[in-house]
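Engineer: Next comes the sequence, and after it the predicted model I'd like to discuss.
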Amino acid sequence: MDAIVLRHALHQIPELAFKEHKTKALLLKYLHNVPGIADKRWAFHEFKHSNGILVAYNAGYGAYKLFRADMDALPIQETVISNYSSQHKGFMHACGHDVHMSILMGLIYRIAEGTPATNLLFLFQPAEEGKGGAQSVLGEGIIQSYDISSAIALHVASDLAAGTISSKAGIFFGIPQEFDVRFYGKSAHVAYPEKGINALQAGLDFMNQITNAIHELNKTERVIYHVGKMNAGDIRNIIPAKCILEGTHRSLKKEVCNSINQMTYDYADSCAKALGATAKVELHCSYDPVVNDAALVQQLMAACAALNMEYQEAETAMTGEDFGFFTSLYPGILFWLGSGCNQPLHSDKFLPADECIESGIALMHHLALH
């Protein structure tokens with residue numbers, strides 16, 4: 001099995017969260033060609049509510065190691081030129097999930113060739129990009145029916161040489177929380193402001209007050225509070241009746257995340273009431289933090305040394321990854337795999353080098369057997 005050929009094929013058919021139909025079909029085609037796949041040691045599970053695939057290798061005693069790769073792509077128009085560019089206009093694998101799936105498939109084939117006496121699980125997980133894919137597959141209970149000793153995943157990294165590994169013990173990825181804040185007022189002509197309620201002013205007051213509060217919180221906790229989009233009004237001489245803010249905040253502790261959520265509610269309510277407006281806060285996607293098990297990090301470092309691969313100590317990232325739901329259930333580890341591409345993740349030019357795939361397979365294989 002040529003993992004690079006699979007990667008190129010997957011890269012051409014990017015699909016959004018919970019719509020990975022072609023992706024699943026291609027993965028199943030490769031899985032059905034795994035040598036010895038009809039043997040009783042192998043078992044397949046498909047999920048009722050998603051396109052996820054769980055493959056079990058039952059060849060030993062004791063608990064299972066779970067290896068996971070994510071499947072979905074992003075609504076981004078690819079601009080980088082290659083001979084395997086996206087064929088789905090407006091969509092691309094801008095986060096390297098095509099590489100992740102190819103590495104996991106390569107690992108499966110390598111296990112099939114060696115038939116080790118161990119128990120392993122391989123999860124192709126849908127909808128990592130903010131749509132609850134991990135929660136969906138875990139919600140069906142199939143994974144939890146296995147006795148799992150550890151959960152392992154990788155993520156390609158930009159600005160890191162192809163094949164270089166980077167990770168750290170403890171909190172590796174933080175907690176993202178997406179939110180919308182909506183203010184509702186009353187429109188009126190600007191010449192008669194007393195007849196209106198300025199929803200835009202409520203939004204501006206909210207931004208000022210919560211920015212000051214977050215500045216104080218940052219003295220004791222590491223947090224980010226960011227509003228990336230603000231929309232209000234229709235005409236320049238009419239008082240805006242509606243103002244919508246769309247944002248995200250990041251933190252490292254659940255209690256801090258919950259506190260910031262409450263701050264969002266409280267400041268939205270107080271800013272609205274001060275002007276006679278009303279406010280509505282909607283909380284969207286949020287993940288558990290990715291917490292790396294210290295013993296697994298030591299195993300990762302030993303594997304890098306055994307394979308003569310460079311290992312670098314990483315810093316905690318304020319990005320989010322729903323693999324955190326797995327590290328909340330099991331001892332787990334997520335690590336960066338250098339992509340050899342200096343374009344940022346989620347960029348329309350992000351294209352990992354094929355060379356990183358073999359490094360990922362070799363390292364995952366070593367972790368599976370040791």
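Structural biologist: Nice, thanks for sending it over.

Engineer: quick one, phi/psi of the nearest residue to Pro193 once chain neighbours are set aside?
Structural biologist: Leaving aside its sequence neighbours, Pro193 sits nearest to Ile239 (Cβ to Cβ, 6 or more residues apart in numbering; 6.3 Å). All C-beta atoms are positioned from the backbone trio N, CA, C, and that covers glycine. Main-chain dihedrals, Ile239, degrees, to the nearest 10: phi -70, psi 130.

Engineer: For burial, what's the neighbour tally of Ala213?
Structural biologist: Ala213 has 16 neighbours, counted by other Cβ atoms under 10 Å.

Engineer: So it is in contact with Asp266, correct?
Structural biologist: No. Using Cβ atoms under 8 Å, Ala213 is not in contact with Asp266, being 9.3 Å away.

Engineer: the strands in the stretch 151-300 of the chain, which residues?
Structural biologist: 165-167, 170-173, 175-184, 224-232, 242-251, 278-286, 290-292 (DSSP state E, counting those that start in this stretch).

Engineer: Could you list every helix and strand in contact with the second one?
Structural biologist: Right, strand 170-173. On a contact count with 3 or more Cβ pairs under 8 Å, 6 or more residues apart in numbering; DSSP states H and E, strand 170-173 meets strand 290-292.

Engineer: The residue nearest to Ala188 when sequence neighbours are not counted: neighbouring residues, count only.
Structural biologist: Nearest residue to Ala188, sequence neighbours excluded (Cβ to Cβ, 6+ apart): Gly196, at 2.9 Å. Using other Cβ under 10 Å as the criterion, Gly196 is surrounded by 19 other residues.

Engineer: doesn't Gly185 make contact with Gly196?
Structural biologist: Yes. Using Cβ under 8 Å, Gly196 is in contact with Gly185, at 6.7 Å.

Engineer: which residues are common contacts for these two?
Structural biologist: Common contact partners of Gly196 and Gly185 (Cβ atoms under 8 Å, 6 or more residues apart in numbering): Ile239, Ala241.

Engineer: Tell me how far the closest residue to Glu310 other than its chain neighbours lies from Phe335.
Structural biologist: Among residues not flanking Glu310 along the chain, Thr164 sits closest, at 4.7 Å (Cβ to Cβ, 6+ apart). From Thr164 across to Phe335, the span is 10 Å (Cβ to Cβ, to the nearest Å).

Engineer: Please say which of the two ends up with more neighbours.
Structural biologist: Phe335 (25 against 19).

Engineer: residue contacts, that one?
Structural biologist: Counting by Cβ under 8 Å, 6+ apart, Phe335 touches Leu154, His155, Ile165, Ser166, Ser167, Asn292, Leu300, Ala314.

Engineer: Name the residues linked to it by a beta bridge.
Structural biologist: Following DSSP bridges, Phe335 is listed with bridge partners Leu154.

Engineer: Mind pulling up the pLDDT for it?
Structural biologist: Note for Phe335: predicted pLDDT of 98.

Engineer: Could you double-check that Gln77 sits in contact with Lys349?
Structural biologist: No. Between Gln77 and Lys349 there is no contact under Cβ under 8 Å: 10.9 Å.

Engineer: neighbour-wise, which of the two wins?
Structural biologist: Applying other Cβ under 10 Å to Gln77 and Lys349 shows that Lys349 carries more neighbours, namely 15 against 12.

Engineer: element containing the residue nearest the centre of the chain, please.
Structural biologist: For the chain, the residue nearest the mean C-alpha position is Glu321 (3.4 Å; Cα atoms, centre = their mean). Assigned by DSSP states H and E, Glu321 belongs to neither a helix nor a strand.

Engineer: thought it was touching Tyr287?
Structural biologist: Yes. Glu321 is in contact with Tyr287 according to Cβ under 8 Å; the separation is 6.5 Å.

Engineer: Break this structure down into its domains, please.
Structural biologist: 3-174+289-369, 175-286 (automatic domain parsing).

Engineer: ok, the nearest residue to Gly130 once chain neighbours are set aside to Gln87 distance?
Structural biologist: The shortest distance from Gly130 to any non-neighbouring residue, by Cβ to Cβ, 6+ apart, is to Cys285 (4.3 Å). The span separating Cys285 from Gln87 equals 28 Å under the rule Cβ to Cβ.

Engineer: more neighbours, those two?
Structural biologist: Neighbour count, other Cβ under 10 Å: between Cys285 and Gln87, Cys285 has more, with 16 against 11.

Engineer: Check the more buried one and give its pLDDT.
Structural biologist: pLDDT, Cys285: 87.

Engineer: do the same with the one 5 residues further on
Structural biologist: At Val290, the pLDDT value in this model is 97.

Engineer: Tell me how many other residues crowd it.
Structural biologist: Neighbourhood size, Val290 [other Cβ under 10 Å]: 28.

Engineer: Beta-bridge partners for it, please?
Structural biologist: Val290 has these beta-bridge partners by DSSP bridges: Phe173.
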